[in-house]
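# sequence? don't have it. structure:
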């Protein structure tokens with residue numbers, strides 16, 4: 001048997017070890033592998049026509065995102081992380097933060113019951129039952145939150161729950177800056 005063949009597994013192992021080590025170092029230097037960029041940053045919210053969650057037949061379009069800075073929160077009743085963030089969204093809303101909700105690929109009756117039971121932090125609740133606006137926004141799942149300026153331009157995309165830490169460190173300073181810019 002050729003002795004060179006015995007070295008193939010060793011070489012393969014060394015290549016894999018180098019790849020894993022590179023990824024490990026990259027993660028320790030601050031690169032966030034969970035960060036999902038959005039191609040919509042700096043662009044208008046895509047055109048849409050969606051019904052109100054609680055009032056079928058009442059339609060909204062992208063004009064709801066013009067006039068003042070706000071958050072667009074994508075949520076669903078099937079999402080445990082959405083449940084975890086909901087009380088904090090209620091708190092932000094009570095503090096004057098403007099939030100539009102988009103119920104994503106969900107059962108309308110369950111979603112309305114959820115808001116009736118847990119409180120409704122949303123100025124408007126859009127119903128995206130088939131997920132088409134979510135697709136246009138590049139939504140991977142729920143929750144996701146978009147920071148939108150007074151002109152309807154997407155400025156930031158946050159994947160995961162909104163909580164006191166990421167609100168204070170990232171979202172609030174950006175939201176406050178947009179409020180100042182809108183004056």
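Looks like it arrived, so ask away. This one's a predicted model, so the numbers in the text were calculated from it and none came from an experiment.
# rest of the way, CA atoms for contacts and neighbours
Will do.
# Quick check, residue 90 in contact with residue 121.
Yes. At 4.7 Å, residue 90 and residue 121 qualify as touching, with contact defined as CA atoms under 8 Å.
# And these two? Which one has more around it.
residue 121 (22 against 17; other CA atoms under 10 Å).
# Need the three-state assignment for residue 145.
strand (DSSP: H, G, I helix; E, B strand; the rest coil).
# So, low pLDDT: which residues of this structure?
Under the criterion pLDDT under 70, the flagged ranges of the chain are 1-4, 6-7, 10-38.
# in it, which spans are strands?
Assigned by DSSP state E, the strands in the chain fall at 49-52, 59-61, 70-75, 99-104, 124-128, 144-148, 154-159.
# For this protein, just list every one of the helices.
Remark: helices assigned in the chain by DSSP state H are 8-28, 80-94, 108-118, 132-137, 164-166, 172-182.
# So which residues make contact with stretch 166-174?
By CA atoms under 8 Å, 6 or more residues apart in numbering, the surrounding residues in contact with stretch 166-174 are residue 147.
# Apart from its chain neighbours, what residue comes closest to the residue positioned nearest the centre of the chain?
By CA atoms, centre = their mean, the chain has its centre lying nearest to residue 144, at 1.5 Å. Once flanking residues are discounted, residue 144 sits nearest to residue 159: 4.6 Å by CA to CA, 6 or more residues apart in numbering.
# Might one say that that neighbour is in contact with residue 147?
No. Residue 159 lies out of contact with residue 147 (CA under 8 Å); the separation is 11.5 Å.
# Those two: which has the busier surroundings?
residue 147 (23 against 18).
# Next one: the residue nearest to residue 144 from residue 124, what distance?
Distance, residue 159 to residue 124, using CA to CA, to the nearest Å: 21 Å.
# Same check on residue 43?
21 Å.
# Same question for residue 165.
Counting by CA to CA, the gap from residue 165 to residue 124 is 25 Å.
# Please identify which of the strands of the chain is closest to residue 183.
Minimum separation from residue 183 across the strands of the chain (CA to CA) falls at strand 70-75, 14.0 Å.
# Ramachandran coordinates for the residue nearest to residue 79 when sequence neighbours are not counted?
Nearest residue to residue 79, sequence neighbours excluded (CA to CA, 6+ apart): residue 142, at 6.4 Å. Per-residue torsions, residue 142: phi -120, psi 150 (degrees, to the nearest 10).
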